[in-house]
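> need coordinates for the following:
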Amino acid sequence: MSDQPPAAGDAPARPTGQAPSFQEMWRDLKPIGRDRDSGGYRRYAWTGADTDCRAWFKAQAETRGLTYELDRNGNQWAWLGDPAAGDAVVTGSHLDSVPDGGAFDGPLGVVSSFAALDELRSRGAEFTRPLAIVNFGDEEGARFGLACVGSRLTAGQLTIEAAHRLRDGDGVSLPQAMEAAGYDPYGIGADPERLARIGAFVELHVEQGRALDLSGDPVGIASAIWPHGRWRFDFRGEANHAGTTRLVDRRDPMLSYAETVLAARREAELAGAVATFGKISVEPNGVNAIPSLVRGWLDSRAADQATLDTVVTGIEKAAREYAERHGIDLDVVRESFTPVVEFEDALRDELGSILGARAERPLPVLGTGAGHDAGILSGSIPTAMLFVRNPTGVSHSPAEHAAEDDCLAGVTALADVLEGLACR
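Numbers count the residues shown, from 1 in each chain. This next block holds a predicted model:
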């Protein structure tokens, strides 16, 4: 599906009180937080764009007569049925983005959740379990550097103290950002009572890879999420004049950093993993100045823990050798880490059974190197994931794409799953 708004007349006006269609929801959501120059999205936590996304979610809930709820960690919930009844089936994803991210990563899951509920209602489905749609806050971690803040807090994987230490690139703390957006930063924390309400969580997401494109399937089921983490490398040297300081007299941390970037590619390639230095901060950051500090952030992921450990250890070892050679001080800090997530066999197999009964062939089951809220919650409640085909595999980019037919196939698959879980 194109990330451009539909042409006039593509989405006819809906009758008063009728829930908006998938295409209408997509059209209304997509301008929010979009940068005119890059074409990408900048929907960062606790900003104006985030506020607008939250307003959109609340409006979707109210239009459908759902009970709207904002939890202590800023996650949004739309309930059909009694939230306190327990054993609820929950679906949803997130609405925030990476810097200049694509339209589909996160929002596709939220839009599809509302559309799936609409489809079930059109089928006349009778719900025997409560159903909820959720928008988890700050999943990407674009502003404060830690992914899945909303779900981590809820699951007790992020303490209040650690959350309050988070700061963005301008030095604004998480509590300051929350207060500025009108939320209470002192009420955040683990929410076991809320998790106890949930019997299953199913997240639909655009695939961040090409496995489904290569297999020819519009929809697939997740098997596992690779272990992954973020490490900060601080290379400290000596600021000096770029035009007058002899090469032999320099303590230039940029050299050690550059060599470490190449080492990361080499170590990942040897291990069959991935490693990326995608963010850098330089001080004093002058064209005619030798840096005093080069700070780079490493993102690394692998199919298993042993491989990931091998890759990161190899990168750090190489970085320390380069730093010593150039007279540079080096600090390495692990800022976040998520272990391997093997989605619960029983729920995953149930999804396969539900969808397989309506398909010509079994749906593919595939692993992913991308982290998700479903992975964070998997240690507390049964979780599963559906993926929608991404024909190019491009993600975290304005070029991210999914065909409309595939998106609608995802809606149908999610509706089938929710019907099988919540309407039996």
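
> drop to CA atoms for contacts and neighbour counts, all remaining ones
OK.

> please enumerate the strands of the stretch 1-150 of the chain.
Per DSSP state E, counting those that start in this stretch, the stretch 1-150 of the chain carries strands over the ranges 67-70, 76-80, 88-94, 131-136.

> of these, which is nearest residue 400?
Nearest of the strands of the stretch 1-150 of the chain to residue 400, taken as Cα to Cα: strand 88-94 at 16.1 Å.

> quick check: end-to-end length of stretch 191-211?
With Cα to Cα, to the nearest Å as the measure, stretch 191-211 spans 35 Å from end to end.

> buried residues, stretch 151-169. List them.
Across stretch 151-169, burial judged by 16 or more other Cα atoms under 10 Å covers 151-158, 160, 163, 166-167.

> one more: stretch 322-334?
Within stretch 322-334, the residues scored as buried using 16+ other Cα under 10 Å are 322-323, 326-330, 332.

> next: stretch 411-424.
Neighbour counts over stretch 411-424 (16+ other Cα under 10 Å) mark 411-423 as buried.

> so where is this protein shaky, pLDDT-wise?
For the chain, residues meeting the criterion pLDDT under 70 lie at 1-17.

> the stretch 301-424 of the chain: strands as residue ranges?
Assigned by DSSP E, counting those that start in this stretch, the strands in the stretch 301-424 of the chain fall at 329-338, 341-342, 365-368, 383-388.

> just to revisit the earlier point, tell me which of the strands of the stretch 1-150 of the chain sits nearest to residue 356.
Nearest to residue 356 among those is strand 88-94; the distance by Cα to Cα comes to 19.8 Å.

> which other helices and strands contact the closest one?
Strand 88-94 is packed against helix 107-123, strand 131-136, strand 198-206, helix 404-422, with contacts defined by 3 or more Cα pairs under 8 Å, 6 or more residues apart in numbering; DSSP states H and E.

> note down every partner strand of that strand and its orientation.
The strands beside strand 88-94 in its sheet (DSSP bridges) come out as strand 131-136 (parallel), strand 198-206 (parallel).

> adding distance to residue 73 and mean neighbour count, write these out as CSV.
Putting the strands paired with strand 88-94 into CSV (distance: least, Cα to Cα, whole Å; neighbours: other Cα atoms under 10 Å) gives the following:
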stretch, distance to residue 73, mean neighbour count
strand 131-136, 9, 27
strand 198-206, 17, 25
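
> would a markdown table of those with distance to residue 75 be doable?
Shown next, in a markdown table, are the strands paired with strand 88-94 (distance: least, Cα to Cα, whole Å):
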| stretch | distance to residue 75 |
| --- | --- |
| strand 131-136 | 5 |
| strand 198-206 | 15 |
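
> hmm, back to that, so can I have JSON lines of the helices and strands packed on strand 88-94 showing distance to residue 183?
Formatted as JSON lines, those follow (distance: least, Cα to Cα, whole Å):
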{"stretch": "helix 107-123", "distance to residue 183": "22"}
{"stretch": "strand 131-136", "distance to residue 183": "15"}
{"stretch": "strand 198-206", "distance to residue 183": "25"}
{"stretch": "helix 404-422", "distance to residue 183": "32"}
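
> coming back round to it: nearest to residue 232, out of the strands paired with strand 88-94?
For residue 232, the closest of those is strand 131-136, at 25.4 Å, according to Cα to Cα.

> out of the strands of the stretch 1-150 of the chain, which is closest to residue 300?
Comparing the strands of the stretch 1-150 of the chain by their distance to residue 300 (Cα to Cα), the top pick is strand 88-94, with 22.3 Å.

> now do that closest one against strand 76-80, angle only.
Here strand 88-94 points in a direction 140 degrees away from that of strand 76-80 (axes from the mean of the first three to the mean of the last three Cα atoms, to 10 degrees).

> give me the contacts around strand 88-94.
With Cα atoms under 8 Å, 6 or more residues apart in numbering as the test, strand 88-94 has contacts from 106-107, 109-110, 113, 129-139, 197-205, 373, 418, 421-422.

> please redo it, this time with the cut-off set to 7 Å
If you take Cα atoms under 7 Å, 6 or more residues apart in numbering as the criterion, strand 88-94 is touched by 106-107, 109-110, 113, 129-137, 139, 197-204, 422.

> ok, back up a step: can you list which of the buried residues of stretch 151-169 are found in helices?
Counting by DSSP state H, the part of those found in helices is 151-155, 160, 163.

> wouldn't residue 240 be in contact with residue 289 here?
Yes. At 5.8 Å, residue 240 and residue 289 qualify as touching, with contact defined as Cα atoms under 7 Å.

> okay, the ones in helices among the buried residues of stretch 151-169 in a markdown table with distance to residue 215 next?
Below are those laid out as a markdown table (distance: Cα to Cα, whole Å):
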| residue | distance to residue 215 |
| --- | --- |
| 151 | 32 |
| 152 | 33 |
| 153 | 37 |
| 154 | 36 |
| 155 | 35 |
| 160 | 44 |
| 163 | 41 |
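
> now, among these, which is nearest to residue 213?
Nearest to residue 213 among those: residue 151, at 29.7 Å, using Cα to Cα.

> check contacts around the spatially closest residue to that closest one that is not a sequence neighbour.
In space, and not counting its chain neighbours, residue 151 is closest to residue 373: 6.0 Å by Cα to Cα, 6 or more residues apart in numbering. Neighbouring residues of residue 373 by Cα under 7 Å, 6+ apart: 139, 148, 151.

> tell me how far residue 373 lies from residue 241.
Using Cα to Cα, residue 373 is found at 47 Å from residue 241.
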